[in-house]
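[1] I would like to see how this sequence folds:
(2 chains)
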Amino acid sequence: MRWFWVDRFTEFVSGSHAKGIKNVALDEEVLDEYQPGFPYLPPTVIIEGMAQMGGILVAEHFAFDKRVVLAKVGKAAFHQVARPGDQLRYTVKLDGIQPDGATVTTTSYRGEVLQAEIELMFAFLEPDRFMDGPLFKPGDLRAMLRLMNFFHVAVDRNGDPIPDHANL
Amino acid sequence: MSDDEIFKKVQESLMDALGVDDDEVTSEATLVGDLGAESIDFLDIVFKLEKAFDITIPREELSPEDILTNSQYVLDGVVTADGIAELKRRMPWANLEEFEKSPKVQDFGNLLTVGDLCAYVGSKLS
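    Numbers count the residues shown, from 1 in each chain, chains lettered A, B, ... in the order given. From the prediction side, this is the model:
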């Protein structure tokens, strides 16, 4: 099973926001045992999907030069469950930036209905802290972003395609 | 902005960041010892204060790690007189009176109180 919790980027503006979609399918293993007889997407993997999009938004802002990790879930409110057949539309906005971390605010919509609101804080691992070296093997992050259609939609503030970051 | 308004906003930020109740967030409460703040929470507090007051908080203003790890200012784990002077220069809003009596670096983390944080925000706004 791939640990990707957003299917596709639909919009990405460097240093500003990202949008994406997550389709919920009955064949997803994660739905099997979470609530037997009433399958729905566990809220924790919705948080993970937002963290993946947010982490990429933050990391790209720093040209993928920082080791970005999810540090804190500031708020997570789930107004609806996401059931098989639903399509969730995620929006992640860059909220605050510091030299050692960043925050994002996010929403998930099912159709016109607000499904979830989540606030996340990321921290940047300092060199030699916890582990050394990059978080991804060479090329892995680039491959993940390609699968998620990231390069199809990612633009800078001027609307131009984002540069081919050397650290990817 | 009045001192009361500053306190209210600081209190809300700390309740959000640390998951504590309003009656715990008193002026005298220390962020680490009384409110249970961990190192990662300080980053969260900085973000929340920046947003609440529309200010920018440079890292070194609230976390003078560069002073506390500088051999010019620390001797055998104790902050020297020069170090204390530098801390006072950097953090004029903080009450260092108690810390000065036994200025061990390891105790610095539990120094800041909610009142200090309000004074810091006040200094940024004035």
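[2] Not counting sequence-adjacent ones, nearest residue to the most centrally placed residue in chain B?
    Nearest residue to the geometric centre of chain B (Cα atoms, centre = their mean): B:Leu112, 4.0 Å. Excluding its sequence neighbours, the residue lying closest to B:Leu112 (Cβ to Cβ, 6 or more residues apart in numbering or on different chains) is B:Leu31, at 5.1 Å. C-beta here means a position set from N, CA and C on the backbone, and glycine is covered the same way.
[3] so what secondary structure elements neighbour the helix or strand where B:Asp41 lies?
    For B:Asp41, the element it lies in under DSSP states H and E is helix B:39-53. Helices and strands touching helix B:39-53, by 3 or more Cβ pairs under 8 Å, 6 or more residues apart in numbering or on different chains; DSSP states H and E, are strand A:67-78, strand A:87-98, strand A:101-110, strand A:113-125, helix B:3-18, helix B:59-62, helix B:114-125.
[4] could you redo the last one with a cut-off of 7 Å?
    strand A:67-78, strand A:87-98, strand A:113-125, helix B:3-18, helix B:114-125 (3 or more Cβ pairs under 7 Å, 6 or more residues apart in numbering or on different chains; DSSP states H and E).
[5] So for that helix, what gets flagged as buried?
    Neighbour-count burial for helix B:39-53 flags B:Asp41, B:Phe42, B:Leu43, B:Asp44, B:Ile45, B:Val46, B:Phe47, B:Lys48, B:Leu49, B:Glu50, B:Ala52, B:Phe53 (criterion: 16 or more other Cβ atoms under 10 Å in any protein chain shown).
[6] tell me the angle it makes with strand A:113-125.
    Put simply, helix B:39-53 runs at 120 degrees to strand A:113-125, going by axes from the mean of the first three to the mean of the last three Cα atoms, to 10 degrees.
[7] Could you pull up the mean pLDDT of helix B:39-53?
    Computed over helix B:39-53, the mean pLDDT rounds to 92.
[8] who touches it?
    Residues outside helix B:39-53 that contact it (Cβ atoms under 7 Å, 6 or more residues apart in numbering or on different chains): A:71-72, A:74, A:96, A:98, A:100-101, A:103, A:121, A:123, B:9, B:13-14, B:16-18, B:56-57, B:62-63, B:121, B:125.
[9] for it, the distance to its chain's centre please.
    How far helix B:39-53 lies from its chain's middle: 11 Å, per Cα atoms, centre = their mean, to the nearest Å.
[10] what's the answer for stretch A:27-35, then?
    For stretch A:27-35, the distance to the chain centre is 21 Å (Cα atoms, centre = their mean).
[11] Going by neighbour count, list what's buried in it.
    Quick answer for stretch A:27-35 (16+ other Cβ under 10 Å): A:Leu31.
[12] Does B:Ile84 belong to a helix, a strand or coil?
    Three-state call for B:Ile84 (DSSP: H, G, I helix; E, B strand; the rest coil): helix.
[13] ok, it - how many residues close by?
    The tally of other residues near B:Ile84 (other Cβ atoms under 10 Å in any protein chain shown) stands at 16.
[14] Out of the helices and strands in the chain, which is least certain?
    You didn't pick a chain, so chain A it is. helix A:140-147 (a mean of 92; mean pLDDT, DSSP states H and E).
[15] wrong one, chain B
    None of the helices or strands of chain B scores lower by mean pLDDT, DSSP H and E than helix B:59-62, at a mean of 82.
[16] Take the helices and strands packed on helix B:39-53 and lay them out in a markdown table including mean neighbour count.
    Shown next, in a markdown table, are these (neighbours: other Cβ atoms under 10 Å in any protein chain shown):
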| stretch | mean neighbour count |
| --- | --- |
| strand A:67-78 | 16 |
| strand A:87-98 | 19 |
| strand A:113-125 | 20 |
| helix B:3-18 | 18 |
| helix B:114-125 | 19 |
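[17] Run through the residues of chain A sitting next to chain B.
    Residues of chain A lying close to chain B by Cβ under 7 Å from any Cβ of the partner chain are A:Ala71, A:Lys72, A:Gly74, A:Gly96, A:Gln98, A:Pro99, A:Asp100, A:Gly101, A:Thr103, A:Met121, A:Ala123.
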